[in-house]
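*Asks:* got a sequence here, can you build the structure:
(chains A and B)
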Amino acid sequence: MATEILMPALSPTMEEGTLAKWLVKEGDTVSSGDILAEIETDKATMEFEAVDEGVIGKILVAEGTEGVKVNVAIAVLLEEGESADDIANAPAEKASAPVPADKAQSSEDAPAAGMSHPEPQVDTSPDWPGGTPLKQQTVREALRDGMSEEMRRDDSVFLMGEEVAEYQGAYKISQGMLEEFGSKRVIDTPITEHGFAGIATGAAFGGLRPIVEFMTFNFAMQAIDHIINSAAKTLYMSGGQMGAPMVFRGPNGAAARVGAQHSQDYAAWYMQVPGLKVAMPYSASDYKGLMKTAIRDPNPVIFLENEILYGRSFDVPELDDYTVPFGKARIWREGEDVTIVSFGIGMSYALEAADKLAEEGINAEVIDLRTLRPMDTGAILNSVMKTNRLVTVEEGWPQGSVGNYISSVVMQEAFDYLDAPVINCTGKDVPMPYAANLEKHALLTTDEVIAAVKKVTYK
Amino acid sequence: MPAKKTTKKPNVTADELKTYYKDMLLIRRFEEKAGQLYGMGLIGGFCHLYIGQEAVVVGLEAAAEEGDKRITSYRDHGHMLACGMDPNGVMAELTGREGGYSKGKGGSMHMFSKEKHFYGGHGIVAAQVPLGAGLAFSDKYKENGRVTFTYFGDGAANQGQVYETFNMAALWSLPCIFVIENNQYAMGTSQQRSTSSAEIWERGKAFGILGEAVDGMDVLAVKAAGETAVAHCRSGKGPYILEIKTYRYRGHSMSDPAKYRTREEVQKMRDERDPIEAVRTLLLTGKHATEDDLKAMDKDIKKVVNDSAEFAKTSPEPALEELWTDIYAEMEA
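*Replies:* Here you go, the predicted model:
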């Protein structure tokens, strides 16, 4: 049966082109791979090859013709035994180009997921039952205990990173773990973030549950391609067949006097990525409970720690298996005058500000988000509906901040409840300076949080 | 570290030869059909064809055992067919349909099959190299005796993460075969213009990794080298590099006018070094098959390919709800 040779699309965007030159003539025998014609697209002149073998029965579009639409028949190919006379009888095989999905369905049909918060769902259950014995523990110890408990529970969990084993951790988080678990499961890597992040992600594809320690998340910029393109997107790209159950962890944000390249807060960056989960705890119990949840989670989790918090002590429940669920904020302080939302080290400023404000008779409700993706926006909305005022607190940069996102959610879902514009307290819009006085100014201060609260409460 | 050149030709039976012929021809016909569907607007975006390189994956798959893993770049259709994935599912992924391996959500560059131990299909040049070493890491951790074929091109060989990976793979003796598919052009830049050393596999020497160059237009040579590499890795001696010198007949992608090389250069490879023609000649001169036998095989393959195209055209587009699935895996209870 004679087949029509159709004008090909030779680039993702081509709709028409110029048939610049025929390299075959009627009567020529062609086989697959032979070049039939030269076609000019908007970008280049391309050679067009035969797919089937046969004889060129008729050329339908002369060379030099401009504006030939894609999928228009440009020639007819005859099979063995056919003649050009048969062409008239040959049924034209029309390409059944599909209607692009985005034109077939109107966008109103699709739910605007991620931005829809009709009724705030708030889980206010306590993190541990009343009467549970507590012990004081540093964030550092709590993190180690969380990882070690999960490694005892599951043989497929291992820890890798720079100086995690023999050095006992650059910040001593993994102290004693090499001794307990051996060098097969607590693995020193060379200084090669891009490479070991990729190897760990491959190991997760292969069924293991890696914990990758970055000495700081600043170094993870070398590895961010694997975190996002390899770890976060594979489950979707594979239609759900395989993903990367793993944890990327390490200190994030400013420490003290280490300059611009070691002081960035990546909360807003990672929070943006579908496929990732992002935890940024403040207290030791949350470091432990969220780390255990992160290791068990079948998705890649970004676990943003803080060097300054490592040495701080908090109450940690003495329970055999203490976990904290993702997506559940913790209300540290109840109040009715204003809502302060923060996470990670930002909570230090929020809580200190709330204490000082209380002395002046302003009662702030302080919410610790604990995880940024999923984010407990229900807890924020619920609180704003009560206080009618909101201040967000974070150390990261102002443009495209976590607070910006929260503001947009609150405007869309609780606009009528707001009695003042939301204020986002952030770090300053500068690379971190080294000089002590400048660094102090670049960071967020408790006084700035207090000033923001006074502004939204018109005090 | 001296080069260990595989010189022995494997003993090959007539049946094996026929299998290689069929497997290579399937890839070629499949890719020709994919090119045609692209031209008709049924395949969108990027589409990188494997025509000319068929002997690489067919030769190496002949050296693999059940359970061994493979991972590659975006020029991945050949690898998937060679490891036994269903042509229907591959073609339907190219057309972005529900019946595709990724339910239409991955496309030409992003396909996977857990069942066939095919780990993608990766669009970022060289990212699959540490990922492949990571798969090998998981096998070593589990002590299951499996090896991973990690494919990348001569272009990817200039990415830094390849050498970060070589270092760790050697340091930790990972059972990983690094397969450099050197088709001589990194998109439009020839190896001469992009790569300081003529023999890329020799870079492994800096890490103490053994390797060799292989004639990638000869499926039997590829198979023999693959067996050497597999034996090395499986015996716990760490990684091995195969630099397989091959050639792609078509452009880098469908929208490549290929002005960086002459038509004569491509034609000369097709005429003199075609891997499928070479096996065809072996079959005919060795009297293992007649012209009619080969015609019958050709016809069978054409049917498989045409059926895959038909499936890929008629399989429905994914349901709109699919937009929102597979973003997160659910925690197992």
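*Asks:* the residue in chain B positioned nearest to chain A and residue A:190: what is the separation?
*Replies:* As assessed by C-beta to the nearest C-beta, chain A sits closest to residue B:134 within chain B, at 2.0 Å. Bear in mind the C-beta positions are built from the backbone N, C-alpha and C, glycine included. Distance, residue B:134 to residue A:190, using C-beta to C-beta, to the nearest Å: 15 Å.
*Asks:* those two: who's more crowded?
*Replies:* Using other C-beta atoms under 10 Å in any protein chain shown as the criterion, residue B:134 and residue A:190 rank with residue B:134 on top: 36 against 12.
*Asks:* quick one: contacts for the more buried one?
*Replies:* Taking C-beta atoms under 8 Å, 6 or more residues apart in numbering or on different chains, we find residue B:134 in contact with A:198, A:199, A:200, A:201, A:202, A:203, A:204, A:205, A:206.
*Asks:* and the last one, how far is that from residue A:195?
*Replies:* In this view, residue A:206 and residue A:195 are 16 Å apart by C-beta to C-beta.
*Asks:* strands of chain B, start to end?
*Replies:* Secondary structure of chain B (DSSP state E): strands at B:69-72, B:118-121, B:148-153, B:176-182, B:185-186, B:189-190, B:210-215, B:240-245.
*Asks:* now do the stretch 201-350 of chain A
*Replies:* A:209-213, A:246-251, A:277-279, A:300-305, A:313-317, A:330-333, A:338-342 (DSSP state E, counting those that start in this stretch).
*Asks:* partner strands of the shortest one, with direction?
*Replies:* The strands that strand A:277-279 pairs with in its sheet are strand A:300-305 (parallel), strand A:371-373 (antiparallel) (by DSSP bridges).
*Asks:* deepest of the ones you listed, which one?
*Replies:* Ranked by mean neighbour count, the strands paired with strand A:277-279 are led by strand A:300-305 with a mean of 28 (mean count of other C-beta atoms under 10 Å in any protein chain shown).
*Asks:* which residues touch that one?
*Replies:* In contact with strand A:300-305 (C-beta under 8 Å, 6+ apart) are residues A:139, A:143, A:201, A:204, A:217, A:227, A:231-232, A:243-253, A:265-267, A:270, A:275-281, A:287, A:290-291, A:294, A:344.
*Asks:* any chance of a markdown table for the strands paired with strand A:277-279, columns mean pLDDT?
*Replies:* Converted to a markdown table, the strands paired with strand A:277-279 look like this (pLDDT from 0 to 100):
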| stretch | mean pLDDT |
| --- | --- |
| strand A:300-305 | 98 |
| strand A:371-373 | 98 |
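*Asks:* wait, which of those is closest to residue A:390?
*Replies:* Smallest distance to residue A:390 across these (C-beta to C-beta): 16.4 Å, for strand A:371-373.
*Asks:* now could you export just the CA positions of the next helix or strand after the closest one as PDB?
*Replies:* Going down the chain from strand A:371-373, the next helix or strand is helix A:377-387, by DSSP states H and E. C-alpha atoms of helix A:377-387 as PDB (Å, rounded to 0.1, in the frame of the first residue of the first chain):
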ATOM      1  CA  THR A 377      -1.000  25.900  57.600                       C
ATOM      2  CA  GLY A 378      -4.100  24.800  59.500                       C
ATOM      3  CA  ALA A 379      -2.500  25.700  62.800                       C
ATOM      4  CA  ILE A 380      -1.500  29.100  61.500                       C
ATOM      5  CA  LEU A 381      -4.900  29.900  60.100                       C
ATOM      6  CA  ASN A 382      -6.600  28.600  63.200                       C
ATOM      7  CA  SER A 383      -4.500  30.900  65.300                       C
ATOM      8  CA  VAL A 384      -4.800  33.900  63.000                       C
ATOM      9  CA  MET A 385      -8.600  33.600  63.100                       C
ATOM     10  CA  LYS A 386      -8.300  34.000  66.900                       C
ATOM     11  CA  THR A 387      -5.600  36.800  67.100                       C
END
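*Asks:* in helix A:377-387, what's buried?
*Replies:* Across helix A:377-387, burial judged by 16 or more other C-beta atoms under 10 Å in any protein chain shown covers A:377, A:378, A:379, A:380, A:381, A:382, A:383, A:384, A:385, A:387.
*Asks:* residues in the stretch 201-350 of chain A within reach of chain B, list them.
*Replies:* Contact residues, the stretch 201-350 of chain A versus chain B (C-beta under 8 Å from any C-beta of the partner chain): A:201-208, A:225-226, A:229-230, A:234-243, A:245, A:274-275, A:277, A:296-299.
*Asks:* drop anything exposed from those.
*Replies:* When these are checked against 16+ other C-beta under 10 Å, the ones flagged as buried are A:201-206, A:208, A:225-226, A:229-230, A:234-243, A:245, A:275, A:277, A:296-299.
*Asks:* out of the residues you listed, list just those in helices.
*Replies:* Counted as lying in helices by DSSP state H, out of these, are A:201, A:202, A:203, A:204, A:205, A:225, A:234, A:235, A:236, A:237, A:296.
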